[in-house]
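**Student:** quick one: sequence and predicted model below, then my questions.
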Amino acid sequence: MRLEATTLFSGVTIRRHALVHDSVIGWGTQVGGWAWITSAVLAEDVDVKHATLVNGATVLPHKELFSNVRSPQIII
């Protein structure tokens, strides 16, 4: 796991070999192994699955990310 310039709220779980850079990770969020998160804001209870890329996304609460988010967008 590698964390760079990142804010983590309580209850966050980050699995092995994940990278989180320049991001805010909300309460109870789970980041799967080998996930790559950069310049993102993840709200409460977001589940980022194994080996998922999240680049510049804003993700609202209680969402699951199964596929890559390659360009900045809001996930509602």
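**Tutor:** Arrived safely, thanks for sending. Numbering: from 1, shown residues only.
**Student:** going forward, measure contacts between C-alpha atoms and count neighbours the same way
**Tutor:** Fine.
**Student:** what is the end-to-end distance of stretch 43-59?
**Tutor:** One end of stretch 43-59 to the other measures 6 Å (Cα to Cα, to the nearest Å).
**Student:** in the protein, which segments are predicted with low confidence?
**Tutor:** Along the chain, segments meeting pLDDT under 70 are nowhere present.
**Student:** how about the helices in it?
**Tutor:** Secondary structure of the chain (DSSP state H): no helices present.
**Student:** now do the contacts for the closest residue to Glu4 other than its chain neighbours.
**Tutor:** Of all residues not flanking Glu4 in the chain, His21 sits nearest, at 4.7 Å (Cα to Cα, 6 or more residues apart in numbering). Taking Cα atoms under 8 Å, 6 or more residues apart in numbering, we find His21 in contact with Leu3, Glu4, Ala5, Thr6, Ile37, Thr38, Ser39.
**Student:** need those in CSV (columns: distance to Leu65 and neighbour count).
**Tutor:** Shown next, in CSV, are those (distance: Cα to Cα, whole Å; neighbours: other Cα atoms under 10 Å):
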residue, distance to Leu65, neighbour count
Leu3, 20, 15
Glu4, 21, 11
Ala5, 22, 11
Thr6, 19, 16
Ile37, 11, 26
Thr38, 14, 19
Ser39, 16, 18
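**Student:** quick check, nearest of those to Gly26?
**Tutor:** When the contacts of His21 are compared for distance to Gly26 (Cα to Cα), Thr6 wins out at 11.0 Å.
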